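1. Quick one: sequence plus predicted model below, questions after.
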Amino acid sequence: MQICFHLGAHCTDDDHLIKSLLKNSGQLAKQGIAVPGPGRYRGLLADALVKLQGAQADDETQEMLLDSFVDSTDARRLVLGHKNFMGAPHRAIENNQLYHLAKRNTVWIRNLFANHDVSFFIGMRNPATFVPAILHSAPVADRAALLAQIDPHGLRWSDTLMTIREANPATPITVWCNEDTPLLWPDIMHTIAGVNGTQLLSGALDILQPIMVPEGLDRLRDYLDNTEMPTPQQRRRVIATFLEKYAIPEALEEEIDLPGWTEDMIDDLTDAYDRDLDRIERIEGVTLLLA
């Protein structure tokens, strides 16, 4: 079985990827791709992870889990997702690292299915907006302490990915930038489902709904339904054109109001993030999806 884990991150798609894929569960099942509802597996996975504490699951446990998640005996690929796989939200910026528990947690997850092919999928986000978003999700009383323990200039997704790769050298990782998600959404869906990039999937425009005026989204949907898109690149160009015309400006603006976070600092963090993407592209076993 090919088992694909969407590991988050927090404050990226907020479970929209699994929800969009679930709209295609019947179609995908006919191709041997299982996308169970989160309520079917998250509790069982959590229980198994706590019980095993990182030890490899035996054959019986692996088969029990798969039987609980998948109905069809013909399934060859399984998609599972939870934004807490790498840790709870506040753990995302603890210890002046991005997901300092990622090494331990991914090894534990990988060892649940030692007999199968496992791959990881992660949506990243610019630390300049990721840190404020994580803090906003934390209890008000905890925010100052969390902010005080980090140097945002030292937060690198490449460090996190290298840690995961070193701990799971045979497990491929696919990543993308949350900032590119509006353009990449169909590609992300196709990639994690393991289907051809030209296959029509329901929910391929879901991610655009909060950031586009309804008229523009309707026009985009109509255009894509009635126009042949030979390549994903052409589809992305069309989406970018419609976004430029019909985006809701306030939905794209991110107000950052943290003590000491000046515009110059935010620009510096964004530049560092861009440079970090160059490092990520060079990590063996990591595939970076680009818009």
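-> That came in fine, so what should we check first? Numbering: from 1, shown residues only.
2. Would you check how far apart residue 128 and residue 174 are?
-> Applying Cβ to Cβ, to the nearest Å, one obtains 23 Å for the distance of residue 128 from residue 174. C-beta: built from backbone N, CA, C; applies to glycine.
3. In terms of packing, which of those two has more residues around it?
-> Set residue 128 next to residue 174 and count neighbours by other Cβ atoms under 10 Å: residue 128 wins out with 21 against 18.
4. Touching, the more buried one and residue 276? I think so.
-> No: Residue 128 lies out of contact with residue 276 (Cβ atoms under 8 Å); the separation is 11.8 Å.
5. Can you work out which residues contact both of those two?
-> When contacts are counted by Cβ atoms under 8 Å, 6 or more residues apart in numbering, residue 128 and residue 276 have no shared neighbour.
6. List the residues that contact residue 222.
-> Here residue 222 is in contact with no residues (criterion: Cβ under 8 Å, 6+ apart).
7. Tell me the gap between whatever helix or strand it lives in and the middle of its chain.
-> Using DSSP states H and E, residue 222 sits in helix 214-226. Taking Cα atoms, centre = their mean, to the nearest Å, one finds helix 214-226 lying 26 Å from the centre of the chain it belongs to.
8. Which elements pack onto the helix or strand just after it?
-> Downstream of helix 214-226, the first helix or strand assigned by DSSP H and E is helix 232-246. Packing partners of helix 232-246 (3 or more Cβ pairs under 8 Å, 6 or more residues apart in numbering; DSSP states H and E): helix 181-193, helix 214-226.
9. Adding mean pLDDT, write the ones you listed out as TSV.
-> As requested, the helices and strands packed on helix 232-246 are exported to TSV (pLDDT from 0 to 100):
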stretch	mean pLDDT
helix 181-193	96
helix 214-226	95
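10. ranges for the helices of the stretch 1-150 of the chain?
-> With helices called from DSSP state H, counting those that start in this stretch, the stretch 1-150 of the chain shows them at 16-22, 25-29, 38-52, 59-69, 102-112, 127-137, 140-148.
11. Pull out the buried positions in the shortest one.
-> Counting neighbours by 16 or more other Cβ atoms under 10 Å, one finds that the buried residues in helix 25-29 are 27, 28, 29.
12. So the second one versus residue 67, what's the distance?
-> Spelled out, it's residue 28. Distance from residue 28 to residue 67, by Cβ to Cβ: 19 Å.
13. sorry, back to before: and the helices and strands packed on helix 232-246, which is most packed in?
-> Ranked by average neighbour count under the criterion mean count of other Cβ atoms under 10 Å, the helices and strands packed on helix 232-246 are headed by helix 181-193 at a mean of 22.
14. so what's residue 171 up against?
-> So residue 171 contacts 106, 110, 118, 119, 120, 164, 165, 285 (Cβ under 8 Å, 6+ apart).
15. Which among the residues you listed count as buried?
-> By 16+ other Cβ under 10 Å, those give 106, 110, 118, 119, 120, 164, 165 as buried.
16. In contact with the first one: list those residues for me.
-> Translated: residue 106. By Cβ under 8 Å, 6+ apart, the neighbours of residue 106 are 7, 85, 86, 120, 164, 167, 168, 171.
17. Residue 287 sits in which helix or strand?
-> strand 286-289.
18. what comes into contact with that strand?
-> 161, 165, 172-176, 180, 184, 187-188, 191, 277, 280-281.
19. Kindly indicate which of the buried residues of helix 25-29 lies nearest residue 144.
-> Distance to residue 144, by Cβ to Cβ, is smallest for residue 28 among these, at 45.1 Å.
20. Quick check, the closest one in contact with residue 20.
-> No: counting by Cβ under 8 Å, residue 20 is not a contact partner of residue 28; they are 11.5 Å apart.
21. returning to what we had before: any chance of JSON lines for the helices and strands packed on helix 232-246, columns distance to residue 265?
-> Converted to JSON lines, these look like this (distance: least, Cβ to Cβ, whole Å):
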{"stretch": "helix 181-193", "distance to residue 265": "24"}
{"stretch": "helix 214-226", "distance to residue 265": "34"}
